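> Sequence first, then the predicted structure:
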Amino acid sequence: MDAPQAGGSDAWVDRVDRLEPREFRARYLEPRRPVVLQRALDPWSAPDRFTPEFFLERYADRPVRIRGRHYRLGEVIALQQASSEARPAPYPCTFAECGDLMADVTPRFGCSLPNRHTSPFMPKSVFDLVNHLEIFFGGPGGEFPYLHYDMLRMHAWIAQVHGDKEFTLYERGQEHLLYVHPEMPWMSRVDDLHDAERWPLLHQARRHRVVVRAGEALFIPCGTWHTARCLTMNITVAFDQLESSNWREFVRDVVVEERRKGHRARALWLGLYLGLLGPMLTLAERCGANRRADWGTARLH
(Lines give C-alpha, C1' and ligand atoms only; values in the text may rest on other atoms or scores of the structure.)
Protein backbone atom coordinates (compact mmCIF):
# COMPACT_ATOMS: atom_id res chain seq x y z
CA MET A 1 0.00 0.00 0.00
CA ASP A 2 1.39 3.43 -0.92
CA ALA A 3 1.72 6.16 1.67
CA PRO A 4 -1.02 8.79 1.33
CA GLN A 5 1.28 11.42 -0.18
CA ALA A 6 2.46 8.89 -2.77
CA GLY A 7 -0.95 7.78 -3.89
CA GLY A 8 -2.69 6.03 -1.02
CA SER A 9 -5.43 3.42 -1.31
CA ASP A 10 -9.17 3.34 -0.94
CA ALA A 11 -8.86 2.93 2.86
CA TRP A 12 -9.38 6.71 3.05
CA VAL A 13 -12.78 6.28 1.38
CA ASP A 14 -15.42 4.33 3.29
CA ARG A 15 -17.39 1.65 1.45
CA VAL A 16 -20.87 1.10 2.86
CA ASP A 17 -23.74 -1.12 1.81
CA ARG A 18 -26.55 1.40 2.28
CA LEU A 19 -27.03 4.75 4.00
CA GLU A 20 -30.13 6.59 5.10
CA PRO A 21 -30.10 10.25 3.98
CA ARG A 22 -29.90 11.57 7.55
CA GLU A 23 -26.86 9.41 8.32
CA PHE A 24 -25.25 10.29 4.98
CA ARG A 25 -25.60 14.00 5.72
CA ALA A 26 -24.07 13.69 9.18
CA ARG A 27 -21.20 11.35 8.27
CA TYR A 28 -20.25 12.43 4.76
CA LEU A 29 -22.07 15.40 3.23
CA GLU A 30 -21.45 18.00 5.93
CA PRO A 31 -17.90 16.81 6.83
CA ARG A 32 -17.06 16.72 3.09
CA ARG A 33 -15.96 13.08 3.09
CA PRO A 34 -16.14 10.90 -0.05
CA VAL A 35 -17.89 7.55 0.24
CA VAL A 36 -18.77 4.58 -1.97
CA LEU A 37 -22.36 3.33 -1.73
CA GLN A 38 -22.23 -0.29 -2.79
CA ARG A 39 -25.96 -0.87 -3.35
CA ALA A 40 -27.02 2.58 -4.55
CA LEU A 41 -27.93 1.42 -8.06
CA ASP A 42 -30.14 -1.48 -6.99
CA PRO A 43 -33.41 0.35 -7.90
CA TRP A 44 -32.13 1.27 -11.39
CA SER A 45 -32.55 -0.79 -14.55
CA ALA A 46 -29.44 0.86 -16.05
CA PRO A 47 -26.91 -1.71 -14.70
CA ASP A 48 -28.75 -4.45 -16.61
CA ARG A 49 -29.48 -2.47 -19.77
CA PHE A 50 -26.54 -0.07 -20.24
CA THR A 51 -23.99 -2.24 -22.04
CA PRO A 52 -21.80 -1.37 -25.03
CA GLU A 53 -24.04 -3.58 -27.20
CA PHE A 54 -27.15 -1.70 -26.07
CA PHE A 55 -25.71 1.66 -27.14
CA LEU A 56 -24.27 0.27 -30.36
CA GLU A 57 -27.68 -1.06 -31.31
CA ARG A 58 -29.65 2.08 -30.47
CA TYR A 59 -27.35 5.08 -30.59
CA ALA A 60 -24.40 4.20 -32.84
CA ASP A 61 -25.06 7.14 -35.17
CA ARG A 62 -25.34 9.79 -32.45
CA PRO A 63 -22.67 12.49 -32.86
CA VAL A 64 -20.23 12.99 -29.99
CA ARG A 65 -17.20 15.21 -29.55
CA ILE A 66 -13.96 14.33 -27.76
CA ARG A 67 -11.30 16.99 -27.22
CA GLY A 68 -12.46 19.00 -30.19
CA ARG A 69 -12.80 16.08 -32.62
CA HIS A 70 -16.14 14.81 -33.94
CA TYR A 71 -17.09 11.11 -33.88
CA ARG A 72 -20.11 8.84 -33.99
CA LEU A 73 -20.85 7.08 -30.72
CA GLY A 74 -20.60 3.66 -32.37
CA GLU A 75 -17.15 4.50 -33.70
CA VAL A 76 -15.96 5.56 -30.25
CA ILE A 77 -17.33 2.46 -28.51
CA ALA A 78 -15.60 0.21 -31.06
CA LEU A 79 -12.30 2.02 -30.43
CA GLN A 80 -12.77 1.77 -26.67
CA GLN A 81 -13.52 -1.95 -26.83
CA ALA A 82 -10.12 -2.39 -28.49
CA SER A 83 -8.42 0.03 -26.08
CA SER A 84 -5.41 -0.88 -23.94
CA GLU A 85 -3.07 0.77 -21.45
CA ALA A 86 -0.45 1.04 -24.19
CA ARG A 87 -2.86 2.40 -26.82
CA PRO A 88 -5.84 3.97 -25.08
CA ALA A 89 -8.88 5.00 -27.10
CA PRO A 90 -10.23 8.58 -27.09
CA TYR A 91 -11.60 9.62 -23.69
CA PRO A 92 -13.74 11.06 -22.20
CA CYS A 93 -16.74 10.44 -24.41
CA THR A 94 -19.91 11.94 -22.94
CA PHE A 95 -23.48 11.45 -24.04
CA ALA A 96 -26.41 13.67 -23.06
CA GLU A 97 -29.67 14.77 -24.67
CA CYS A 98 -31.20 11.29 -24.39
CA GLY A 99 -34.37 11.72 -22.39
CA ASP A 100 -35.68 8.29 -23.38
CA LEU A 101 -33.16 6.77 -20.94
CA MET A 102 -34.28 8.68 -17.86
CA ALA A 103 -36.47 5.81 -16.63
CA ASP A 104 -33.36 3.61 -16.44
CA VAL A 105 -31.68 5.95 -13.92
CA THR A 106 -34.76 6.66 -11.80
CA PRO A 107 -35.25 7.13 -8.89
CA ARG A 108 -32.54 9.59 -8.02
CA PHE A 109 -30.64 8.44 -4.93
CA GLY A 110 -32.23 9.57 -1.67
CA CYS A 111 -28.79 10.66 -0.42
CA SER A 112 -28.45 12.99 -3.43
CA LEU A 113 -31.54 14.97 -2.44
CA PRO A 114 -32.50 17.73 -2.00
CA ASN A 115 -31.21 19.18 -5.23
CA ARG A 116 -31.76 22.85 -6.03
CA HIS A 117 -31.38 22.63 -9.81
CA THR A 118 -35.08 21.79 -10.02
CA SER A 119 -36.23 24.88 -8.10
CA PRO A 120 -38.32 27.21 -10.28
CA PHE A 121 -36.51 30.12 -8.62
CA MET A 122 -33.07 29.09 -9.87
CA PRO A 123 -31.74 31.21 -12.78
CA LYS A 124 -31.07 28.48 -15.35
CA SER A 125 -28.54 30.63 -17.21
CA VAL A 126 -25.92 30.15 -14.49
CA PHE A 127 -25.68 26.53 -15.61
CA ASP A 128 -24.90 27.29 -19.26
CA LEU A 129 -21.59 25.40 -19.06
CA VAL A 130 -22.88 22.59 -16.85
CA ASN A 131 -24.51 19.31 -17.81
CA HIS A 132 -26.26 18.14 -14.65
CA LEU A 133 -26.28 14.52 -15.79
CA GLU A 134 -24.09 12.79 -18.38
CA ILE A 135 -23.20 9.28 -19.50
CA PHE A 136 -19.46 8.61 -19.83
CA PHE A 137 -17.98 5.88 -22.04
CA GLY A 138 -14.40 4.70 -21.64
CA GLY A 139 -12.06 1.86 -22.51
CA PRO A 140 -9.07 0.36 -20.67
CA GLY A 141 -6.31 2.92 -20.22
CA GLY A 142 -8.50 5.95 -20.87
CA GLU A 143 -7.70 8.78 -18.45
CA PHE A 144 -9.50 12.03 -17.76
CA PRO A 145 -7.31 14.68 -19.41
CA TYR A 146 -6.96 17.05 -16.45
CA LEU A 147 -7.17 17.30 -12.69
CA HIS A 148 -10.27 19.26 -11.65
CA TYR A 149 -13.19 19.72 -9.31
CA ASP A 150 -16.76 19.99 -10.54
CA MET A 151 -17.67 23.47 -11.76
CA LEU A 152 -19.52 25.87 -9.48
CA ARG A 153 -18.61 23.74 -6.45
CA MET A 154 -21.18 21.05 -7.16
CA HIS A 155 -21.17 17.81 -5.23
CA ALA A 156 -20.49 15.01 -7.72
CA TRP A 157 -22.11 11.57 -7.87
CA ILE A 158 -20.47 8.84 -9.97
CA ALA A 159 -22.78 5.89 -10.69
CA GLN A 160 -20.85 3.02 -12.24
CA VAL A 161 -23.27 0.98 -14.37
CA HIS A 162 -20.80 -1.12 -16.40
CA GLY A 163 -17.16 -2.03 -15.74
CA ASP A 164 -14.62 -0.60 -13.29
CA LYS A 165 -13.10 2.85 -12.95
CA GLU A 166 -10.34 4.12 -10.67
CA PHE A 167 -10.60 7.58 -9.16
CA THR A 168 -7.77 9.58 -7.62
CA LEU A 169 -9.00 12.01 -4.97
CA TYR A 170 -6.84 14.75 -3.45
CA GLU A 171 -7.21 15.84 0.15
CA ARG A 172 -8.56 19.34 0.67
CA GLY A 173 -6.45 22.47 1.08
CA GLN A 174 -3.61 21.54 -1.30
CA GLU A 175 -4.23 24.01 -4.11
CA HIS A 176 -0.65 25.32 -3.73
CA LEU A 177 0.55 21.92 -5.00
CA LEU A 178 -1.95 21.43 -7.81
CA TYR A 179 -0.94 24.12 -10.35
CA VAL A 180 -4.39 25.71 -10.41
CA HIS A 181 -5.25 27.43 -13.69
CA PRO A 182 -5.27 31.21 -13.06
CA GLU A 183 -8.31 31.87 -15.26
CA MET A 184 -10.28 28.65 -14.70
CA PRO A 185 -9.90 27.91 -10.98
CA TRP A 186 -11.73 24.54 -11.19
CA MET A 187 -8.94 23.15 -13.43
CA SER A 188 -5.28 22.36 -12.98
CA ARG A 189 -2.68 23.35 -15.58
CA VAL A 190 -1.19 19.86 -15.34
CA ASP A 191 -1.53 18.13 -18.71
CA ASP A 192 0.27 14.90 -17.75
CA LEU A 193 -0.41 13.53 -14.28
CA HIS A 194 2.56 11.16 -14.56
CA ASP A 195 5.22 13.76 -15.40
CA ALA A 196 6.99 14.39 -12.09
CA GLU A 197 9.72 16.46 -13.75
CA ARG A 198 7.36 19.11 -15.14
CA TRP A 199 4.94 19.05 -12.20
CA PRO A 200 6.99 18.13 -9.12
CA LEU A 201 4.67 19.75 -6.56
CA LEU A 202 1.72 17.64 -7.70
CA HIS A 203 3.55 14.48 -6.68
CA GLN A 204 3.92 15.82 -3.13
CA ALA A 205 0.14 16.17 -2.72
CA ARG A 206 -1.74 13.73 -0.52
CA ARG A 207 -4.02 11.67 -2.72
CA HIS A 208 -5.98 8.45 -2.51
CA ARG A 209 -7.18 5.95 -5.09
CA VAL A 210 -10.50 4.15 -5.03
CA VAL A 211 -11.92 1.69 -7.54
CA VAL A 212 -15.65 2.01 -8.24
CA ARG A 213 -17.18 -1.18 -9.59
CA ALA A 214 -20.38 -1.86 -11.50
CA GLY A 215 -23.41 -1.27 -9.28
CA GLU A 216 -21.60 1.16 -6.98
CA ALA A 217 -21.79 4.95 -6.63
CA LEU A 218 -19.05 7.31 -5.45
CA PHE A 219 -19.89 10.60 -3.72
CA ILE A 220 -17.26 13.31 -4.34
CA PRO A 221 -17.81 16.38 -2.12
CA CYS A 222 -17.74 19.83 -3.70
CA GLY A 223 -14.31 21.31 -4.27
CA THR A 224 -12.57 17.91 -4.12
CA TRP A 225 -9.87 17.72 -6.78
CA HIS A 226 -9.97 14.44 -8.65
CA THR A 227 -9.33 12.59 -11.86
CA ALA A 228 -10.28 9.16 -13.24
CA ARG A 229 -8.83 6.22 -15.16
CA CYS A 230 -10.75 3.44 -16.91
CA LEU A 231 -9.72 -0.07 -15.90
CA THR A 232 -12.09 -1.93 -18.21
CA MET A 233 -14.66 -1.02 -20.83
CA ASN A 234 -17.05 0.98 -18.71
CA ILE A 235 -20.15 3.14 -18.72
CA THR A 236 -20.74 5.71 -16.01
CA VAL A 237 -23.66 7.98 -15.17
CA ALA A 238 -22.37 11.15 -13.52
CA PHE A 239 -24.57 13.83 -11.99
CA ASP A 240 -24.23 16.74 -9.61
CA GLN A 241 -25.99 18.06 -6.53
CA LEU A 242 -26.61 21.55 -5.19
CA GLU A 243 -28.08 22.04 -1.73
CA SER A 244 -27.53 23.99 1.49
CA SER A 245 -24.08 22.63 2.39
CA ASN A 246 -22.44 23.85 -0.82
CA TRP A 247 -24.69 26.84 -1.50
CA ARG A 248 -22.34 29.60 -0.33
CA GLU A 249 -19.45 28.20 -2.35
CA PHE A 250 -21.74 27.85 -5.36
CA VAL A 251 -22.80 31.51 -5.08
CA ARG A 252 -19.19 32.63 -4.74
CA ASP A 253 -18.13 30.67 -7.84
CA VAL A 254 -21.11 31.95 -9.85
CA VAL A 255 -20.05 35.52 -9.05
CA VAL A 256 -16.39 34.82 -9.87
CA GLU A 257 -17.34 33.20 -13.17
CA GLU A 258 -19.55 36.13 -14.21
CA ARG A 259 -16.75 38.57 -13.39
CA ARG A 260 -14.30 36.43 -15.36
CA LYS A 261 -16.59 36.79 -18.38
CA GLY A 262 -16.69 40.56 -17.87
CA HIS A 263 -20.31 40.67 -16.62
CA ARG A 264 -19.77 42.78 -13.52
CA ALA A 265 -23.33 44.08 -13.20
CA ARG A 266 -24.74 40.58 -13.64
CA ALA A 267 -22.26 39.24 -11.09
CA LEU A 268 -23.49 41.79 -8.55
CA TRP A 269 -27.16 41.03 -9.26
CA LEU A 270 -26.70 37.27 -9.07
CA GLY A 271 -24.70 37.54 -5.86
CA LEU A 272 -27.48 39.52 -4.20
CA TYR A 273 -30.32 37.40 -5.57
CA LEU A 274 -28.75 34.04 -4.79
CA GLY A 275 -27.66 35.27 -1.37
CA LEU A 276 -31.31 36.00 -0.51
CA LEU A 277 -32.62 32.87 -2.22
CA GLY A 278 -30.48 30.45 -0.23
CA PRO A 279 -32.21 30.82 3.17
CA MET A 280 -35.62 30.70 1.48
CA LEU A 281 -34.77 27.39 -0.21
CA THR A 282 -33.45 25.99 3.06
CA LEU A 283 -36.79 26.72 4.73
CA ALA A 284 -38.72 25.24 1.79
CA GLU A 285 -36.59 22.07 1.88
CA ARG A 286 -37.54 21.48 5.48
CA CYS A 287 -41.06 21.07 4.12
CA GLY A 288 -39.97 18.66 1.37
CA ALA A 289 -39.08 20.98 -1.53
CA ASN A 290 -36.48 20.06 -4.18
CA ARG A 291 -36.74 16.32 -3.55
CA ARG A 292 -37.97 15.08 -6.92
CA ALA A 293 -36.79 11.50 -7.36
CA ASP A 294 -37.73 11.73 -11.05
CA TRP A 295 -34.94 14.31 -11.53
CA GLY A 296 -37.38 17.11 -12.34
CA THR A 297 -36.26 17.13 -15.94
CA ALA A 298 -37.25 15.39 -19.15
CA ARG A 299 -33.75 14.83 -20.52
CA LEU A 300 -30.15 14.14 -19.59
CA HIS A 301 -28.82 17.66 -19.47
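Here it is on my side, so go on. Numbering: from 1, shown residues only.

> Show me the shaky parts of the stretch 51-200 of the chain.
Counting by pLDDT under 70, the stretch 51-200 of the chain contains no low-confidence range.

> hey, where'd the strands end up in it?
63-66, 69-72, 93-95, 133-138, 155-162, 165-170 (DSSP state E, counting those that start in this stretch).

> What is the distance between stretch 61-78 and the centre of its chain?
Computed by Cα atoms, centre = their mean, to the nearest Å, the chain-centroid distance of stretch 61-78 equals 21 Å.

> I meant to write stretch 245-263 there.
Using Cα atoms, centre = their mean, the offset of stretch 245-263 from its chain centre is 18 Å.

> In that stretch, which residues are buried?
Buried residues in stretch 245-263, defined by neighbour count with 16 or more other Cβ atoms under 10 Å: Ser245, Asn246, Trp247, Phe250, Val251, Asp253, Val254, Val255, Glu257, Glu258. All C-beta atoms are positioned from the backbone trio N, CA, C, and that covers glycine.

> contact partners of it?
With Cβ atoms under 8 Å, 6 or more residues apart in numbering as the test, stretch 245-263 has contacts from 25, 29-30, 116, 126, 151-155, 183, 185-186, 221-223, 242, 264, 266-268, 270-271, 274-275, 278, 281-282.

> List only buried entries from the residues you listed.
By 16+ other Cβ under 10 Å, the contacts of stretch 245-263 give 25, 29, 116, 126, 151-155, 186, 221-223, 242, 266-267, 270-271, 274, 278, 281 as buried.

> can you list the residues that contact the helix or strand that Thr282 is a member of?
Secondary structure from DSSP states H and E places Thr282 in helix 264-285. With contact meaning Cβ under 8 Å, 6+ apart, helix 264-285 is reached by 114, 116, 119, 121-123, 126, 243-244, 247-248, 250-251, 254-256, 258-259, 289-291.

> For stretch 43-54, buried residues please.
So stretch 43-54, judged by 16+ other Cβ under 10 Å, has buried residues Trp44, Ala46, Pro47, Phe50, Thr51, Pro52, Phe54.

> now those in a markdown table, with distance to Leu193?
Below are those laid out as a markdown table (distance: Cβ to Cβ, whole Å):
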| residue | distance to Leu193 |
| --- | --- |
| Trp44 | 31 |
| Ala46 | 29 |
| Pro47 | 29 |
| Phe50 | 28 |
| Thr51 | 29 |
| Pro52 | 26 |
| Phe54 | 31 |
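
> In the stretch 51-200 of the chain, what residue spans correspond to helices?
52-59, 73-81 (DSSP state H, counting those that start in this stretch).

> Which of those helices sits closest to His203?
helix 73-81 (28.5 Å; Cβ to Cβ).

> other SSEs contacting the closest one?
helix 52-59, strand 63-66, strand 93-95, strand 133-138 (3 or more Cβ pairs under 8 Å, 6 or more residues apart in numbering; DSSP states H and E).

> on that earlier part again, now the helix holding Thr282: mean pLDDT?
The average pLDDT within helix 264-285 is 97.

> now the residue nearest to Ser188 when sequence neighbours are not counted: how far from Thr168?
Once flanking residues are discounted, Ser188 sits nearest to Leu147: 3.9 Å by Cβ to Cβ, 6 or more residues apart in numbering. Leu147 is 8 Å from Thr168, where distance means Cβ to Cβ, to the nearest Å.

> shared neighbours, those two?
Leu193, His226, Thr227.

> now, among those residues, which is nearest to Leu79?
Thr227 (20.9 Å).

> ok, now which ones touch that closest one?
Taking Cβ under 8 Å, 6+ apart as the test, what Thr227 contacts is Glu143, Phe144, Tyr146, Leu147, His148, Phe167, Thr168, Leu193.

> measure the first one to Arg189 for me?
Pointing back at Glu143 there. 16 Å.

> Name the residues that touch stretch 13-26?
So stretch 13-26 is in contact with 27-28, 33-40, 110-111, 113, 169, 208, 210, 216, 218-219, 245, going by Cβ under 8 Å, 6+ apart.

> redo that, cut-off 7 Å
Here stretch 13-26 makes contact (Cβ atoms under 7 Å, 6 or more residues apart in numbering) with Pro34, Val35, Val36, Leu37, Gln38, Arg39, Gly110, Cys111, His208, Val210.

> Throw the helices of the stretch 51-200 of the chain into a markdown table and include distance to Thr232, thanks.
Formatted as a markdown table, the helices of the stretch 51-200 of the chain follow (distance: least, Cβ to Cβ, whole Å):
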| stretch | distance to Thr232 |
| --- | --- |
| helix 52-59 | 11 |
| helix 73-81 | 10 |
